[in-house]
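S.K.: Any chance you could fold what I've pasted below:
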Amino acid sequence: MTKDFSNNLEGFIRLVLLLFSFNCFSQVLPSTIGVHHKKEASFPEQSITLEFDGTNDRVDNTGVTLNNLIGFTLELWINADHAGSNIGIIGEDNLIECTFSGSNKIRVWEEKKRQTIVWIFNTSEFPMQAWNHLAFVGDASASSGWLKIYVNGKLEKSGGKDPGANWGIGHTPRGAPVRLAKKIAGNNDNAFDGKMDEVRIWSEARTLEEINSNMFKHLNGDEDNLMAYYQMSDASGTTLTDNSSNSNNGTLIGNMNNNDWVNSYVPLADLPSAYQNNVEGLWESTATADSDESDGLSLSVDVALSNDFIIFGNNDDDNGTSSSSILGLNLISDRVWYFEEIGDITADVKVDISIATGYSGGATLTADNYKLLYKTCAMCDYSDISDGLSKSVNGTDITFSSVIIKDGYYTIGSTDSNL
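M.R.: Numbering: from 1, shown residues only. As a prediction, this is how the structure comes out:
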């Protein structure tokens, strides 16, 4: 007993010393190195998704019904190989159908009032063979715009007729619950050709803010009014697991088998909880245009992305600045953004100083007075990685050019007394 205790004590002391020495070593590493793992085990560089062949592949028997709901939201990421007439995306037989209705049209059809809304797109707005986010919303409690189509976080179409108290059709649906990848009504399959991922079915009309706040991240699965949640992560078999708490598993129908579980590069990331404010993304569907802003910060690339993407959010802190310990800098902004990057991306980083820090700057603002700062971990030190190259005509947008993007924390510093 005494010998065992001595051995255990000795092992414990060695472990403490090892951890202490590792911690000290990490503190003296250059801040550009740090102690940082590129990806957590829970979020690999690629995830798994389902690929549909455009012939008769589909998901059925989900057990989810939209009948007699006051509001609903059908939300998913799709990577379509092509669009065509009456190609099914998601819907319930004889009730709500969301489809392509031509080579450049996305449609929502509702039975009760025989109403239809159609969004007409071009390939720059909705490119094929690229990931796009769709959300179809019905709100029977609205005073107008009872049906809505959101694409990549923006409202693209609103309209329809007043369905009354709910979306029930006044008689029993045909018995088929919500399906994926098949035209619901009629005898022809008109099946979806491409990939689907992160399917969320809600028994409420989600707002634009709610859609955007969750668009680039995984759900917990226990959210209020979440009827079904398909992460498409089974990787094998003919059952599609419902990752919500409702057990509405689906069945893979048609020619679907293990070969239809494929790698996905859908733009999702699990950012640290304190940085999940105004989360935005830069991915293939944004082409070479500026990304949407995350409280003042946006990104752009010269060459359209393929499987690479960046997801970024911020700490929601624009209340002040702190003194800088970096040589040549006077101030560091309290606003910090966190980037999760997949692949190898070099991008221009644009920061609107007035949004990010509250400083209006104007004509007196000088671009090279501002520095883009980066650190690999929360407790690491910042490094100066880029000088401001140019400012916008309004004098508040500073561009940092050709920044090699890495996972980690970004903020801005100033060589003068303004931030």
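S.K.: So which residues of the stretch 1-150 of the chain form strands?
M.R.: 47-53, 58-60, 71-80, 87-92, 96-102, 105-110, 115-120, 132-139, 147-151 (DSSP state E, counting those that start in this stretch).
S.K.: Please work out which of these is packed deepest.
M.R.: Stretch with highest mean neighbour count among the strands of the stretch 1-150 of the chain: strand 87-92 (a mean of 25; mean count of other C-beta atoms under 10 Å). From N, CA and C alone the C-beta is placed, and that goes for glycine too.
S.K.: Kindly state the pLDDT recorded for residue 265?
M.R.: Per-residue pLDDT puts residue 265 at 89.
S.K.: ok, for it, nearest residue in space, not its chain neighbours?
M.R.: residue 307 (4.0 Å; C-beta to C-beta, 6 or more residues apart in numbering).
S.K.: Now render the strands of the stretch 1-150 of the chain as a markdown table, adding mean pLDDT and distance to residue 323.
M.R.: What follows is those, written out as a markdown table (pLDDT from 0 to 100; distance: least, C-beta to C-beta, whole Å):
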| stretch | mean pLDDT | distance to residue 323 |
| --- | --- | --- |
| strand 47-53 | 93 | 42 |
| strand 58-60 | 93 | 56 |
| strand 71-80 | 98 | 43 |
| strand 87-92 | 93 | 53 |
| strand 96-102 | 93 | 54 |
| strand 105-110 | 94 | 52 |
| strand 115-120 | 95 | 51 |
| strand 132-139 | 98 | 41 |
| strand 147-151 | 98 | 43 |
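S.K.: For residue 232, find the nearest of the ones you listed.
M.R.: strand 47-53 (4.6 Å; C-beta to C-beta).
S.K.: How about residues contacting the closest one?
M.R.: Outside strand 47-53, the residues within contact range by C-beta atoms under 8 Å, 6 or more residues apart in numbering are 58-59, 181, 191-197, 231-235, 240, 252, 254-256, 260-264, 266, 268.
S.K.: Sort out for me which of those are in strands.
M.R.: Among those, the ones falling in strands (DSSP state E) are 58-59, 193-197, 240, 252, 261-264.
S.K.: Going by distance to residue 152, which of the residues you listed wins?
M.R.: Closest to residue 152, out of all of those and judged by C-beta to C-beta, is residue 197, at 14.3 Å.
S.K.: Show the contacting residues for that closest one.
M.R.: 47, 49-50, 76-79, 131, 231-232, 264, 266.
S.K.: Using JSON lines, lay out the strands of the stretch 1-150 of the chain together with distance to residue 206.
M.R.: Formatted as JSON lines, those follow (distance: least, C-beta to C-beta, whole Å):
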{"stretch": "strand 47-53", "distance to residue 206": "22"}
{"stretch": "strand 58-60", "distance to residue 206": "21"}
{"stretch": "strand 71-80", "distance to residue 206": "4"}
{"stretch": "strand 87-92", "distance to residue 206": "15"}
{"stretch": "strand 96-102", "distance to residue 206": "14"}
{"stretch": "strand 105-110", "distance to residue 206": "15"}
{"stretch": "strand 115-120", "distance to residue 206": "17"}
{"stretch": "strand 132-139", "distance to residue 206": "6"}
{"stretch": "strand 147-151", "distance to residue 206": "9"}
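S.K.: hang on, the earlier thing: okay, the residue nearest to residue 265: pLDDT?
M.R.: For residue 307, the predicted pLDDT is 89.
S.K.: How many neighbouring residues does it have?
M.R.: For residue 307, the count of nearby residues is 15 (other C-beta atoms under 10 Å).
S.K.: Need the phi and psi values for it.
M.R.: Dihedral pair for residue 307: phi -90, psi 0, per degrees, to the nearest 10.
S.K.: I'd say it and residue 264 touch.
M.R.: No: under the criterion of C-beta atoms under 8 Å, residue 307 lies out of contact with residue 264, with a separation of 9.3 Å.
S.K.: what sits against the residue nearest to residue 265?
M.R.: 46, 265, 284, 342-343.
S.K.: try residue 121
M.R.: 104-106, 151, 156.
S.K.: Equivalent analysis for residue 267, please.
M.R.: Residues 131, 216, 281, 283, 309, 311, 342 are the ones in contact with residue 267 under the rule C-beta under 8 Å, 6+ apart.
S.K.: Over to residue 256?
M.R.: 50, 52, 57-58, 238.
S.K.: Same check on residue 112?
M.R.: Residue 112 sits next to 95, 163-164, 167-170 when contact means C-beta under 8 Å, 6+ apart.
S.K.: Apply 6 Å and report the result again.
M.R.: Applying C-beta atoms under 6 Å, 6 or more residues apart in numbering to residue 112 gives the contacts 163, 169.
S.K.: do the same with residue 347
M.R.: 299, 301, 405.
S.K.: That one is in what secondary structure piece?
M.R.: In this assignment (DSSP states H and E), residue 347 forms part of strand 346-352.
S.K.: Need the contact partners of the next helix or strand after that strand.
M.R.: Next along the chain after strand 346-352, taking DSSP H and E as the criterion, comes helix 353-356. By C-beta under 6 Å, 6+ apart, the residues outside helix 353-356 that reach it are 296, 335, 359-361, 396.
S.K.: so can I have TSV of the contacts of residue 256 showing distance to residue 226?
M.R.: Output for the contacts of residue 256, formatted as TSV (distance: C-beta to C-beta, whole Å):
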residue	distance to residue 226
50	20
52	23
57	25
58	22
238	24
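S.K.: Show me which pair in these is furthest apart.
M.R.: 52 and 238, at 13.5 Å, using C-beta to C-beta across these.
S.K.: Which residues are in contact with each of these two?
M.R.: With contacts taken as C-beta under 6 Å, 6+ apart, residue 52 and residue 238 have no neighbour in common.
S.K.: hmm, back to that, out of the strands of the stretch 1-150 of the chain, flag the one nearest residue 419.
M.R.: Nearest of these (C-beta to C-beta): strand 132-139, 34.0 Å.
S.K.: That closest one pairs with which strands, and in what direction?
M.R.: strand 71-80 (antiparallel), strand 147-151 (antiparallel) (DSSP bridges).
S.K.: So which of those strands is nearest residue 111?
M.R.: When the strands paired with strand 132-139 are ranked by distance to residue 111, counting by C-beta to C-beta, first place goes to strand 147-151 at 12.3 Å.
S.K.: helices and strands around the very next helix or strand once past that closest one, which ones?
M.R.: As assigned by DSSP H and E, the chain's next helix or strand after strand 147-151 is strand 154-159. With contacts taken as 3 or more C-beta pairs under 6 Å, 6 or more residues apart in numbering; DSSP states H and E, strand 154-159 sits against strand 115-120, strand 147-151.
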